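> build me a structure from this.
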Amino acid sequence: SAPPLPTPEPYRVKFRTLQSDVPGWEEFEEVVRPTLEKEFGRPLEELFDFVDPVPCGAASIGQAHRARLKASNNTDDDKTRDVIVKVQYPAASWQVPADIECVGDFLKVCVYFGVVDEQSAKMSYDEFSRQFLAELDYNQERENLQTVYQSSLDPSAPYQKRGIVVPKPYDALCTGKVITMSYLPGPKLEEEAKRQLELLGIDTSGGISQIIRDAAKEAANNPDEVESGELVRRVTKRIDEEHHSPFSWKITASRMFSQIVGFDSILWAVRAARRVLLWSQAGAVVCIQSVPQLFVSERWVEWAGAHQTVAAQAQRLSLTAAWIDALFDVHGHQVFSLGVFNADPHPGNILVIEEEDGKPSTRLGLIDYGQCKHLKPDEQYKVARLILSVANNEPDASIAAAFRDLNVKTSNDSTEFLAKFARLMFGKLKPEHMSHDWHKKLHKQDKVLYFPKELSMVYRTSLLLRGLAISLQINTSIGEQWREHAQKAVGRLKDKPISS
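As a prediction, the model looks like this:
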């Protein structure tokens, strides 16, 4: 998925629906099998015990199928022979460039009629085009996956201690149109976030991933209009807020309360209350099921049956804070140590690994490396200095200097604006960040003219992770989460020559 373009809002709203309402998956026998056999140069039966004809995932340029390698290609047991085969649609190679060209023509019309600024349109279109075409480059995606997978095997990296798993690519079964990788069992973390939000009466009909990605993309690609409050509002948008139900007073009350006690206390209280509720329900289920049905009403037996999973839900809730810390730790390592990071870590690209006994797992799987960003050492150093200046709560002048060192340009070059903006981006969310007036005042003070791509992609990654954390009722400081990785990067790179 690519960043939003500076098109009029009605068109952008309509275009958003196309991100999820993509054409249905292609027929296996008519399209997928011939494509795979052409790429592999052999019948599928020579390579796999089976390939599931029904895709386990589909998008606008390709789809993925679960399969099992033949034992002759892998001496491991059945489980380790389970793979995912990701195949690109044959027509994608010309359809995507044609679609991009149409978008470019549409933008020219918008510029001609003065709807959007020409310079803004060009910058956004260039990045949009680059990212969308990158999705077609399966060779680069395989290289990205191989790099991150090899990094995950390093015991000094945070993957193993944090329980983070990355699929293993099978190079012999990868081509420019196909990527074969090890299968990771388990549901997407998006489902867990959605489940928790729905328990709070929050509207998830548009999908958690899309809500978070929309907010993160718009913030990263339109930094002068960014509002962290908007990210929180999108993630926690209640159904009753739009329809002015009797519950709307709760929203107003929670906003007023947040001004007094802050987000941390509110989110902690929500999580604590839910944990108590779930464990109490789990205890009730055990009690009901341990009593002979002769002494329990049919209604209670039905209730217990319907709440069989509450203990697992309570256990998962206790794991979410560890999940968030693990995700920030691993992505901090990728940004500041590896120099290759996934710029699209939305909840749909994160799996909760299933254990053999079906119990909630402490492990997470990270998938989809089509949107990776590579940072040069000097870029790592400069981003690390900015992160540290925010994490260490340095004076405004120091934070602004770190921002300027990344070549961020503003109309007035205001030190106060740059410092507030950096804290907004990488600090912890505060009550004032939910106020539209606070943001209006900030952007009247100054305006961003240029925002470097390397910082934009790091910011987008951090926003996606923050959006996921907020959806799980966790408020975290990106600077504090990444402080250790940033400090190591500065120590490692400070004496090295800076490339131009």
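
> please count neighbours and contacts with C-alpha atoms only from this point.
Will do.

> OK, contacts around F328?
Residues in contact with F328 (C-alpha atoms under 8 Å, 6 or more residues apart in numbering) are L465, I478, Q481, W482.

> how near is it to Y149?
Separation of F328 from Y149 (C-alpha to C-alpha, to the nearest Å): 17 Å.

> got any ranges where this protein has weak pLDDT?
1-25, 72-79, 120, 192, 195-318, 356-361, 497-500 (pLDDT under 70).

> quick one, strands of this structure?
48-51, 57-58, 62-69, 82-88, 164-165, 178-182, 340-342, 350-352, 364-366, 372-374, 409-410, 448-450 (DSSP state E).

> quick check: can you name the pairing partners of the third one and their directions?
Translated: strand 62-69. With DSSP bridges as the test, strand 62-69 is paired with strand 48-51 (antiparallel), strand 57-58 (antiparallel), strand 82-88 (antiparallel).

> deepest in the core, which of those is it.
Neighbour counts (mean count of other C-alpha atoms under 10 Å) averaged over each of the strands paired with strand 62-69 peak at strand 82-88, with a mean of 24.

> list of residues touching it?
Contact with strand 82-88 is made by 32, 35-36, 61-69, 136, 177-183, as judged by C-alpha under 8 Å, 6+ apart.

> you'd agree N139 is up against G176?
Yes: at 5.3 Å, N139 and G176 qualify as touching, with contact defined as C-alpha atoms under 8 Å.

> export the contacts of F328 to CSV and tack on distance to S411 and neighbour count?
Below are the contacts of F328 laid out as CSV (distance: C-alpha to C-alpha, whole Å; neighbours: other C-alpha atoms under 10 Å):
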residue, distance to S411, neighbour count
L465, 30, 26
I478, 27, 24
Q481, 31, 21
W482, 30, 24
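
> these in helices, which ones?
Filtering the contacts of F328 for membership in helices, criterion DSSP state H, returns L465, I478, Q481, W482.

> closest to L449 among the residues you listed?
Of all the ones in helices among the contacts of F328, I478 has the smallest distance to L449: 24.0 Å, by C-alpha to C-alpha.

> so the closest one makes contact with F426?
Yes: if you go by C-alpha under 8 Å, I478 and F426 touch, sitting 4.9 Å apart.

> grab the nearest non-local neighbour of Q380.
Here the nearest residue to Q380 in space, its sequence neighbours aside, is F336; by C-alpha to C-alpha, 6 or more residues apart in numbering that works out to 5.7 Å.

> contact partners for the one you found?
Contacts of F336 (C-alpha under 8 Å, 6+ apart): Q380, Y381, A384, H485, A486, A489.

> sorry, back to before: of the strands paired with strand 62-69, which is nearest K441?
Closest to K441 of the strands paired with strand 62-69, according to C-alpha to C-alpha: strand 57-58, at 43.5 Å.

> so L69 sits against D49, correct?
Yes: contact criterion C-alpha under 8 Å: L69 and D49 qualify, at 5.9 Å.

> re the thing from before, ok, the residue nearest to Q380 to H485 distance?
For F336, the distance to H485 equals 6 Å [C-alpha to C-alpha].

> number of nearby residues for K161?
The local packing of K161 (other C-alpha atoms under 10 Å) involves 11 other residues.

> then the one 10 residues further on?
Around D171 sit 13 other residues, with neighbours defined as other C-alpha under 10 Å.

> what distance do you get for it to M181?
In this view, D171 and M181 are 9 Å apart by C-alpha to C-alpha.

> repeat for V103
33 Å.

> more crowded one of these two?
Comparing V103 with M181 by other C-alpha under 10 Å, the one with more neighbours is M181, at 26 against 17.

> P97: how many residues sit nearby?
15.

> what's the neighbour count on the closest residue in space to it that isn't next to it in sequence?
Nearest residue to P97, sequence neighbours excluded (C-alpha to C-alpha, 6+ apart): L133, at 7.3 Å. Per other C-alpha under 10 Å, the neighbour tally for L133 reads 16.

> again with S182
If we define neighbours as other C-alpha under 10 Å, then S182 has 21 of them.

> please apply the same query to L44.
16.

> now E118
Neighbour tally, E118, other C-alpha under 10 Å: 16.

> return the residues in contact with L145.
Here L145 is in contact with P167, K168, P169, Y369 (C-alpha under 8 Å, 6+ apart).

> what distance do you get for the residue nearest to P97 to E101?
Taking C-alpha to C-alpha, one finds L133 at 12 Å from E101.

> okay if I get the strands paired with strand 62-69 as a markdown table plus distance to R363?
Converted to a markdown table, the strands paired with strand 62-69 look like this (distance: least, C-alpha to C-alpha, whole Å):
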| stretch | distance to R363 |
| --- | --- |
| strand 48-51 | 26 |
| strand 57-58 | 21 |
| strand 82-88 | 18 |
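
> not counting its neighbours along the chain, what's nearest K177?
Distance criterion C-alpha to C-alpha, 6+ apart; nearest residue to K177, sequence neighbours excluded, is Q88 at 5.2 Å.

> any figure for the gap between the one you found and F128?
Separation of Q88 from F128 (C-alpha to C-alpha): 20 Å.

> so G332 sits against H485, correct?
Yes: assessed by C-alpha under 8 Å, G332 is found in contact with H485 at 6.0 Å.

> any residues in contact with both of the two?
Residues touching both G332 and H485 (C-alpha under 8 Å, 6+ apart): none.

> neighbour-wise, which of these two wins?
G332 (26 against 22).

> ok, the more buried one - contacts?
By C-alpha under 8 Å, 6+ apart, the contact set of G332 is Q481, W482, H485, A486.

> same thing but at 10 Å, please
Going by C-alpha atoms under 10 Å, 6 or more residues apart in numbering, G332 touches 158, 326, 338-339, 341, 384, 458, 461-462, 478, 481-486.

> what is the nearest of these to S93?
Set against S93, the nearest of those by C-alpha to C-alpha is F341 (25.1 Å).

> could you find the closest non-adjacent residue to the closest one?
Excluding its sequence neighbours, the residue lying closest to F341 (C-alpha to C-alpha, 6+ apart) is Q334, at 4.9 Å.

> and H333, by the same measure?
If the residues on either side of it in the chain are set aside, H333 comes closest to H485, at 6.2 Å by C-alpha to C-alpha, 6+ apart.

> coming back round to it: contact partners for the residue nearest to P97?
L133 touches A2, S93, V96, P97, I100, E127, G370, counting by C-alpha under 10 Å, 6+ apart.

> state the distance from the second one to A419.
By that I understand S93. As judged by C-alpha to C-alpha, S93 and A419 stand 44 Å apart.

> who has more neighbours, the two?
A419 (24 against 15).

> in stretch 145-153, which residues are buried?
By neighbour count with 16 or more other C-alpha atoms under 10 Å, stretch 145-153 contains the buried residues L145, Q146, V148, Y149, S151, S152.

> can you check stretch 367-385 too?
Under 16+ other C-alpha under 10 Å, the buried positions of stretch 367-385 are 367-375, 377-385.

> kindly report the same for stretch 380-400.
380-391, 396, 398-400.

> picking up where we left off before, can I get the ones in helices among the contacts of F328 in CSV including distance to S414?
Formatted as CSV, these follow (distance: C-alpha to C-alpha, whole Å):
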residue, distance to S414
L465, 29
I478, 23
Q481, 27
W482, 26
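
> ok, so of the residues you listed, who is nearest K430?
Distances from K430 to the ones in helices among the contacts of F328, taken by C-alpha to C-alpha, are shortest for I478, at 13.1 Å.

> do I have it right that Q119 meets K108?
No: using C-alpha atoms under 10 Å, Q119 makes no contact with K108, being 11.3 Å away.

> since that was my last question, I'll sign off now.
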